[in-house]
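Colleague: Could you work out the structure for the sequence below:
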Amino acid sequence: MKQWIARKILLCSLLLLSISGYFLADMLMQERKDDALQEQLKEIYEKSGNGETEGLSEEETNDGGRDTGGDSSPVHPGLLALHRENPDCIGWIQIEGTVIDYPVMYRPSEENYYLHRDFNGEYSANGCLFLSELCNPATSDNLIIYGHHMNSGKMFAALEQYKDSAFYLEHPLISYDTLHGSETYQVFAVFCTPVYTGNDFPYYTFTKAEDAADYREYIKEVKERALYDTGISAVFGDKLLTLSTCEYSQRNGRVVVMAKKISQ
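Modeller: Residues are numbered from 1 along each chain as shown. Coordinates of the predicted model:
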């Protein structure tokens, strides 16, 4: 009887080990696939030819009539090549000195479409960085980009380090190539907040200010929640960029990095 129980335990253990091994192998294969795709996308982005905008509509190649501060520039040829591969690709974001160096996707017709999909629309635990469906790339005052906080350190995991002011001082600028030219943003506030509490700060809904007062009130709310004082703020007319990812010191936490567009 004892031998039968021992065999049963052994059999169950072997079965669980086999299942665990299968899932681990599948995760490793998926990770390798994601890595290979990102390398391929980065190669296209970095090595594409000229910056012609043939094939893009007027809405895609300008800022929808919005004042860009006179610092418009040609569309990055690599971004143009990726946009032709998948029209949902509308940007490329980089933060020098971090692993954040990825395409930005946008599909306003389907909420969180790229949360668990790769550039080609196939399943991926990493997902893609994507612009909120509430935003309009051409006319929004605030562009909100989401990405996973991966344990591997990929995607938006590096945003966690902005909780340290020393990291901010070393990485104050964000480069964002768009279909209307290259933009540079200066980080001015970092905060952590819970979401889905029923009483949280809805930073994720602010995309267009009703007027100057509405804009000022939003910036005031952001600065009050900031983890440290950068000495920088934003005024009505400044285009904003908001980067958001999960933060694990609290339930349903988010770390949010906010920046404003600057001329360079």
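
Colleague: Okay, now the unreliable bits of the stretch 151-264 of the chain?
Modeller: 264 (pLDDT under 70).

Colleague: which residues of it fall in strands?
Modeller: 173-178, 181-194, 240-247, 253-262 (DSSP state E, counting those that start in this stretch).

Colleague: buried ones in the longest one?
Modeller: Within strand 181-194, the residues that count as buried by 16 or more other CB atoms under 10 Å are Gly181, Ser182, Glu183, Tyr185, Gln186, Val187, Phe188, Ala189, Val190, Phe191, Cys192, Thr193. (Each C-beta comes from the backbone N, C-alpha and C, glycine too.)

Colleague: and it, what other elements does it pack with?
Modeller: Here strand 181-194 touches strand 173-178, helix 212-225, strand 253-262, going by 3 or more CB pairs under 8 Å, 6 or more residues apart in numbering; DSSP states H and E.

Colleague: how about those, which one is nearest Met150?
Modeller: strand 253-262 (13.6 Å; CB to CB).

Colleague: now the angle between helix 212-225 and that closest one, please.
Modeller: 130 degrees (axes from the mean of the first three to the mean of the last three CA atoms, to 10 degrees).

Colleague: rewinding a little: right, so the helices and strands packed on strand 181-194: which one is the most enclosed?
Modeller: Per residue and on average, the most neighbours among those fall to strand 253-262, with a mean of 22 (mean count of other CB atoms under 10 Å).

Colleague: Save the helices and strands packed on strand 181-194 as TSV, and put in distance to His149 too.
Modeller: What follows is the helices and strands packed on strand 181-194, written out as TSV (distance: least, CB to CB, whole Å):
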stretch	distance to His149
strand 173-178	17
helix 212-225	19
strand 253-262	8
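
Colleague: Compare the ones you listed and give me the one nearest Asn126.
Modeller: Nearest of the helices and strands packed on strand 181-194 (CB to CB): strand 253-262, 17.8 Å.

Colleague: Tell me the strands beside that closest one, with direction?
Modeller: strand 181-194 (antiparallel), strand 240-247 (antiparallel) (DSSP bridges).
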